[in-house]
Every structure is written in C-alpha cells, then in structure tokens.
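Enquirer: Here is a sequence together with a model predicted from it:
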Amino acid sequence: MVYFQINEHADYAKRGEDIVCAAVSSVSQMTLNGILEILKLNGKVKYEIDNAGKLTCDLQNSDLTEEELKKVDILTESMYSYLKDVVHEYKEFVKFE
C-alpha cells in the first residue's frame, strides 16, 4: 500500500464517544507513527494530519529502499486487515475503498 487517507466522522455516536471513529483513528495513527518513528522514515514520507482529523500518508513518490518498502508494507497491511474487521462489524458507519 503506497497511499492511505482517513477522513470524516463515522457517526456511530457523538463526537468523543464514537468507538468506530476511535478504532479507525487509532489504527491509522499507529500505522503512521510506526512508519515515521519506528522505521525512522520521517522526511522520506509525505503525510498530513489536518485540524478536521483527516490523515493522509503518501509513499508514491518516496525514495524508500526495497527493504524499507517491505517494512512499510507489513505495517499498512496490518492496518488494512484491522480495518476490514471494523468494516465487517460496522459496515453502515465505515466506507472502505
């Protein structure tokens, strides 16, 4: 996976009480944190987190090595697997493309 974006509110519950939104937000932030802090790829990866809560991570034009890409792929595939489970449980509240 070379690009992911998380945006909008799940509308499962009120803001601050929405477990679906919290699940999606935490797994996406954990994945980005793993890429930046654990793999130490800050500066090689374009990302943005805006005030509305939209998170974007773009690796499409990065100069990552093959080894770095493999490690990033493990993190993003783990996120993808988790998000599929969330969609399965809460499909009316999460749009997954």
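Expert: Here it is on my side, so go on.
Enquirer: in which helix or strand would I find the residue of the chain positioned farthest from its centre?
Expert: In terms of distance from the mean C-alpha position of the chain, Lys14 ranks first, at 21.7 Å (C-alpha atoms, centre = their mean). Using DSSP states H and E, Lys14 sits within no helix or strand.
Enquirer: same question, Tyr80
Expert: Here Tyr80 is assigned to helix 66-89, by DSSP H and E.
Enquirer: likewise Ser25?
Expert: Per DSSP H and E: helix 19-33 holds Ser25.
Enquirer: Name the residues of that helix that come out as buried.
Expert: Buried residues in helix 19-33, counted by 16 or more other C-beta atoms under 10 Å: Val20, Cys21, Ala23, Val24, Ser25, Val27, Ser28, Thr31, Leu32. (C-beta placed from N, C-alpha, C; glycine too.)
Enquirer: now, which of those residues sits nearest Thr76?
Expert: Thr31 (6.2 Å; C-beta to C-beta).
Enquirer: Run the angle between the helix holding Tyr80 and helix 19-33 for me.
Expert: 180 degrees (axes from the mean of the first three to the mean of the last three C-alpha atoms, to 10 degrees).
Enquirer: Name the residues that touch helix 66-89?
Expert: 1, 4, 20, 23-24, 27-28, 30-31, 34-35, 39, 41, 44, 59, 64, 94, 96 (C-beta atoms under 8 Å, 6 or more residues apart in numbering).
Enquirer: With pLDDT and distance to Asp73 as added columns, please give the buried residues of helix 19-33 in TSV.
Expert: Listed next are the buried residues of helix 19-33 as TSV, based on pLDDT from 0 to 100; distance: C-beta to C-beta, whole Å:
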residue	pLDDT	distance to Asp73
Val20	91	26
Cys21	90	26
Ala23	93	22
Val24	93	20
Ser25	92	22
Val27	95	16
Ser28	94	16
Thr31	96	11
Leu32	95	14
